[in-house]
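Asker: Please work out how this folds:
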Amino acid sequence: MEQYLINKLSFRYLLIFILFMAPVIASAEKSIGKVVYTRGIATAKQDGGNLRVLARNTGLYESDVLTTGKNSFAMIRMVDGTRMTLRPHTSIVLEHYEISSNAKDKAPGNVLLQLLKGGFRAITGSFSKTRNANFKIRTTTATIGIRGTEFDARLCDGDCLKTPGARKEAIAKTDKKIVARIVFVRGFLRARYKNEKTRFLKKGAALYEGDKVISGKRDYGVLVFSDKSRMSLARDSVFHIQQYNYSIKKPDQNSSIMQLIRGGFRVLTGLIAKTSRSKVKYRTVTATIGIRGTGFDIICDGDCVAGNESLSDESTTGMDVSVWKGEIVLDLKCEDIAQDKVDSNKKCTEFSIAAGNNYHVANNFTEPVAQNQPSGLIKNLITPRPDKVEVDFENLFTGEVYNHDAHKPGLYVSAYDGHIDIKDIFGNKIDIGAGEAVRVDENKGVIRLLSQPNFQVNDPVPSPDQFNPAFRNLLDFMDQGLHIDYPEQCEIR
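Answerer: Now for the predicted structure:
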């Protein structure tokens, strides 16, 4: 027993010696990052180069192959602030990490990592948040595109189920609720969730309840919601997803309330409107619009909401409406029309507009004026009518239920924030946002998962933002709840 303890302690102190005292082979190249912390043994090697044992503050370089031992992990930080935790038994190649120092550069750089085995957790830095960032992670079955993201990528045959928490119920790491996706973009769209920073939206990007979606003066796009309703956002427009809930199993809880803040949009209503018409509303400062299985266009001449956070210096001179399917009902003369209340006891005057009719609504207290044809503002809406855009709905909102008792091997990717697109070797592509996940099967390709796998959400290995600078040496990490067994003896040749 004494010999066992001596051997085990000797191994631990030997690790400390290797990690903190062994010489590191210096590179003449410019460092692209450094090691923040290691537990166990982690190494780096380039083609034709010597094996380097990684320790705290060790530099990292392009073409480095980083490897962690079976019972080891490493935390690294790249030059743009990207932080990563390499899990046990992982190999990853830092193929390219080129970042332009000019923030206005149209080609700001190129980042390419290759995951050979194992997995990692990452919180990306400033580079992935730039408009034209090219940040990719390659595996044998898929390529992962990154944009301003916290995520977890893991190659898992079945060993993932052996980690603590892999079979426990997973608790969601985000309160964001995905309600829609971008299916067409011309130029760039942006979104802002509550008080978070504005993010750029690509085709396939997720939108959340509470998002404000923004288009520039030359930009427009088409959105699809989970109830199959669609919206084409016009140029120079802003709208707010105030409230949205859709459930096939609980139709009595369904609702959709959108607020047009500036500009215009074209709308085709979906399944909520067919079963709960009174719970579908589109708001502007001049009227709240109810629907009757509808397709319609709306544009404001100026701002659509009074005091709209200084989005424009213009003041509203009214709203133009054109109905091309079904019927809409304007609620007029309502004192709280611009408020965020879902239900109101205020009595409103209803004004119906059927398909084929066009009206100008000057304000909330004036009766709409009929027009012989759509106004010039509506005619200048170059964004496509939403029902004319081809949509692969099944690929946007349906998927496979993950069951740890019937685990299937493959590449698993979970997003906790930001936006990721995963393209498999067959050319199929799926985009995921916060709270979503995919599995990439080597034969079937990329498959959307309806929930994030337990082994990723409950991963006991620290995420990159959980590093404690108070840890001073390897022994401080011992017995931190990971239950990693170390070999009793270590032989160096």
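Asker: which residues does residue 94 contact?
Answerer: 32, 33, 60, 61, 62, 63, 64, 65, 66, 113 (CB atoms under 8 Å, 6 or more residues apart in numbering). (Glycine included, C-beta is placed from N, CA and C.)
Asker: Filter these down to the ones in strands?
Answerer: 33, 60, 65, 66, 113 (DSSP state E).
Asker: could those residues be laid out in TSV, adding distance to residue 303, pLDDT and neighbour count?
Answerer: As requested, the ones in strands among the contacts of residue 94 are exported to TSV (distance: CB to CB, whole Å; pLDDT from 0 to 100; neighbours: other CB atoms under 10 Å):
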residue	distance to residue 303	pLDDT	neighbour count
33	46	96	22
60	50	96	21
65	55	97	18
66	52	97	25
113	45	96	24
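Asker: tell me the two of those that are most distant?
Answerer: Of all pairs drawn from the ones in strands among the contacts of residue 94, the one with the longest distance (CB to CB) is 33 and 65, at 14.1 Å.
Asker: quick one on the thing from earlier: of the ones in strands among the contacts of residue 94, closest to residue 232?
Answerer: Checking these against residue 232 by CB to CB gives residue 113 as the nearest, at 36.7 Å.
Asker: quick one: contacts for that closest one?
Answerer: For residue 113, the contacting residues are 92, 93, 94, 95, 136, 137, 138, by CB under 8 Å, 6+ apart.
Asker: The last one touches residue 111, doesn't it?
Answerer: In other words, residue 138. No - under the criterion of CB atoms under 8 Å, residue 138 is not in contact with residue 111, lying 11.1 Å apart.
Asker: about what we covered before: just the buried ones from the contacts of residue 113?
Answerer: Buried members of the contacts of residue 113, counted by 16 or more other CB atoms under 10 Å: 92, 93, 94, 95, 136, 137.
Asker: could the residues you listed go into TSV alongside pLDDT and secondary structure?
Answerer: Shown next, in TSV, are these (pLDDT from 0 to 100; DSSP: H, G, I helix; E, B strand; the rest coil):
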residue	pLDDT	secondary structure
92	98	strand
93	97	strand
94	97	strand
95	95	strand
136	93	strand
137	95	strand
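Asker: hey, C-alpha coordinates of the helix or strand containing residue 352 in PDB?
Answerer: Here residue 352 sits within strand 349-354, counting by DSSP states H and E. In PDB, the C-alpha atoms belonging to strand 349-354 read as follows (Å, rounded to 0.1, in the frame of the first residue of the first chain):
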ATOM      1  CA  THR A 349     -63.100  50.700 -33.600                       C
ATOM      2  CA  GLU A 350     -62.600  47.900 -36.100                       C
ATOM      3  CA  PHE A 351     -62.100  48.600 -39.800                       C
ATOM      4  CA  SER A 352     -61.900  45.600 -42.200                       C
ATOM      5  CA  ILE A 353     -59.900  45.400 -45.400                       C
ATOM      6  CA  ALA A 354     -60.500  42.500 -47.800                       C
END
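Asker: can you pull the buried residues of it?
Answerer: By 16+ other CB under 10 Å, the buried positions in strand 349-354 come out as 351, 353.
Asker: By mean pLDDT, point me to the weakest helix or strand of the chain.
Answerer: helix 474-477 (a mean of 43; mean pLDDT, DSSP states H and E).
Asker: Let me see the domain layout of this structure.
Answerer: The chain breaks down by automatic domain parsing into domains covering 2-172+397-477, 182-393.
Asker: related to what we said a few turns ago, strand partners of the strand holding residue 352, parallel vs antiparallel please.
Answerer: strand 327-332 (antiparallel) (DSSP bridges).
Asker: can you put the contacts of residue 113 in CSV and add distance to residue 227?
Answerer: Output for these, formatted as CSV (distance: CB to CB, whole Å):
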residue, distance to residue 227
92, 41
93, 43
94, 44
95, 42
136, 33
137, 33
138, 36
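Asker: Of those residues, which is the nearest to residue 267?
Answerer: Once CB to CB is applied, the member of the contacts of residue 113 that ends up nearest residue 267 is residue 136, at 35.6 Å.
Asker: Which positions are bridged to that closest one in the beta structure?
Answerer: residue 112, residue 145.
Asker: Surely it is in contact with residue 146?
Answerer: Yes - at 7.0 Å, residue 136 counts as touching residue 146 under the criterion of CB under 8 Å.
Asker: hmm, back to that, ok, so of the contacts of residue 94, who is nearest residue 82?
Answerer: Among the contacts of residue 94, and counting by CB to CB, the member closest to residue 82 is residue 33, at 7.8 Å.
Asker: got a list of what that closest one touches?
Answerer: 59, 60, 76, 77, 78, 79, 82, 94, 97.
Asker: top of these by neighbour count?
Answerer: residue 76 (27 neighbours; other CB atoms under 10 Å).
Asker: Is that residue part of a helix or strand, or is it coil?
Answerer: For residue 76, the secondary-structure state derived from DSSP: H, G, I helix; E, B strand; the rest coil is strand.
Asker: what sits against residue 327?
Answerer: Applying CB under 8 Å, 6+ apart, the residues contacting residue 327 are 291, 292, 293, 294, 352, 353, 354, 355.
Asker: err, residue 181, not the other one
Answerer: Contacts of residue 181 (CB under 8 Å, 6+ apart): 204, 205, 206, 207, 223, 224, 396, 397, 431.
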